[in-house]
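>>> show me the folded form of this:
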Amino acid sequence: MIILGIDPGIAIMGYGIISYIGNRFEVISYGAITTDSKTPTPERLKKIYRELNELIEKYKPEAIAVEELFFNTNAKTALLVGHARGVAVLAAANNEKEIFEYTPLQVKQGVVGYGRAEKHQVQQMIKTILNLDKIPKPDDVADALAVAVCHAHSGNFKDLFRLK
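Residues are numbered from 1 along each chain as shown. Reported below is the predicted structural model:
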């Protein structure tokens, strides 16, 4: 199964694409979609949408896992990230892909086994689980890979095969 994990953001949207077969992971691709804060918001969202579509068309993931937003004290930032997250959901829906959503606590639980794990613990586990030479940067990319691994460990993917 190919899983696209997404860590939503307006300035940096991390993505990680992995293959999960049996209990084995293979990293296919990872990176970040970035936008300039000086660019008008609609143009930033269009860029995110366009690049996510390209990733979906190129890698054809069977599932798309997106991290849910946590409450942010800066309402403007939270709204912008929410817009970017909405664009990710729309890109998945327009490509007939099922979306799976995970809270930060669920991602930590799915990767480290402990929902209150520190960020560096999650990053180190991603490096280890995916057999990477180094922790992916920026943090958003490691977070996106963590979302994909969380989905693989969740067992939700089994439902996909029953629906086909």
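>>> output the stretch of helix or strand V107 belongs to as CSV, nothing but the C-alphas.
Applying DSSP states H and E as the criterion places V107 in helix 104-112. What follows is helix 104-112, C-alpha atoms only, in CSV (Å, rounded to 0.1, in the frame of the first residue of the first chain):
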residue,chain,number,x,y,z
PRO,A,104,-0.9,14.8,17.1
LEU,A,105,-1.4,12.5,20.1
GLN,A,106,-2.4,9.6,17.8
VAL,A,107,0.6,10.2,15.6
LYS,A,108,3.0,10.1,18.5
GLN,A,109,1.2,7.0,19.8
GLY,A,110,1.4,5.3,16.4
VAL,A,111,5.1,6.0,15.9
VAL,A,112,6.6,6.0,19.4
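>>> residues of it that come out buried?
104, 106-112 (16 or more other C-beta atoms under 10 Å). C-betas here are computed from N, CA, C, even on glycine.
>>> again with stretch 14-27
Those would be 14-20, 25, 27, for stretch 14-27 by 16+ other C-beta under 10 Å.
>>> from R85, how far out is the residue of the chain positioned farthest from its centre?
Distance from the C-alpha centroid of the chain peaks at K38, with 24.7 Å (C-alpha atoms, centre = their mean). For K38, the distance to R85 equals 22 Å [C-beta to C-beta, to the nearest Å].
>>> what's the answer for N23, then?
N23 is 30 Å from R85, by C-beta to C-beta.
>>> can you give me the strands in the protein?
Taking DSSP state E, the strands of the chain run over residues 2-7, 12-21, 24-34, 63-67, 98-102.
>>> coming back round to it: angles on the backbone of the residue farthest from the centre of the chain, please.
phi -80, psi -10 (degrees, to the nearest 10).
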